[in-house]
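# build me a model from this:
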Amino acid sequence: MDNHDETVKHISARLKDLFSRKEQFRIFHGSTNSTRKYSVDRSRMVDTSSLDRVLCVDKLTKTALVEPNVSMDKLVEATLPLGLVPPVVMEFKGITAGGGFSGTGGESSSFKHGSFDCTVNWIEIVLADGEVVKASPESKPDLFYGATSSLGTLGVTTLMEIQLVDAARY
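Predicted coordinates for the structure are as follows:
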């Protein structure tokens with residue numbers, strides 16, 4: 001968790017600096033599924049590429065604490081040995097937990113569980129001014145629900161707690 005907190009401090013400081021200068025920025029996740037070419041001004045970029053770890057899987061509460069760049073296959077790899085899986089697993093390998101949350105990922109199990117963002121209990125998000133907050137349906141619900149499907153426009157999601165279900169054989 002120390003490594004996570006240190007990374008979030010750097011992201012917060014970077015956003016605070018860009019905000020103070022009223023500069024627009026892009027978020028660099030480390031990869032993209034886009035086939036379009038684009039150029040990036042690195043001086044106006046916030047790098048979140050190192051936020052790619054499953055920090056904790058709790059078998060008792062059936063939750064996983066994950067950073068946003070954790071891919072679905074990596075998340076299942078971490079949860080399946082404990083007999084658990086996320087209720088909604090997007091099948092495209094490049095989709096991450098953060099992408100599923102801020103981009104509304106869904107799959108065949110969504111008829112039962114909703115889209116991926118419906119399986120997220122809370123998020124840690126760094127706002128444009130550098131403030132780090134935790135948002136959930138109970139605490140800062142406007143931010144929590146606004147951040148879903150926002151494609152990162154309300155802030156930089158840095159951590160999320162995801163619900164898990166018992167893994168079935170098929």
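# for this structure, which segments count as helices?
Assignment of helices within the chain using DSSP state H yields the ranges 2-20, 72-79, 97-102, 110-113, 141-147.
# and those helices, which is most packed in?
Mean neighbour counts were taken over these using mean count of other C-beta atoms under 10 Å, and the top value, a mean of 27, falls to helix 97-102. Where you see a C-beta, it was placed from the backbone N, CA and C, and this is true even at glycine.
# in terms of secondary structure, what does it contact?
helix 72-79, strand 156-163 (3 or more C-beta pairs under 8 Å, 6 or more residues apart in numbering; DSSP states H and E).
# redo those as JSON lines? Include distance to Asp52 and mean pLDDT.
Formatted as JSON lines, the helices and strands packed on helix 97-102 follow (distance: least, C-beta to C-beta, whole Å; pLDDT from 0 to 100):
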{"stretch": "helix 72-79", "distance to Asp52": "8", "mean pLDDT": "91"}
{"stretch": "strand 156-163", "distance to Asp52": "11", "mean pLDDT": "96"}
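# turn these into TSV, columns for distance to Asp5.
As requested, the helices and strands packed on helix 97-102 are arranged in TSV below (distance: least, C-beta to C-beta, whole Å):
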stretch	distance to Asp5
helix 72-79	20
strand 156-163	10
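# so where's the protein shaky on pLDDT?
Where the chain drops to pLDDT under 70, the residues are 31-36, 38-40, 90, 92-93, 103-115, 151-152, 170.
# could you redo the last one with a cut-off of 80?
Screening the chain residue by residue with the criterion pLDDT under 80, one finds the ranges 1, 28-44, 88-94, 103-117, 149-154, 169-170.
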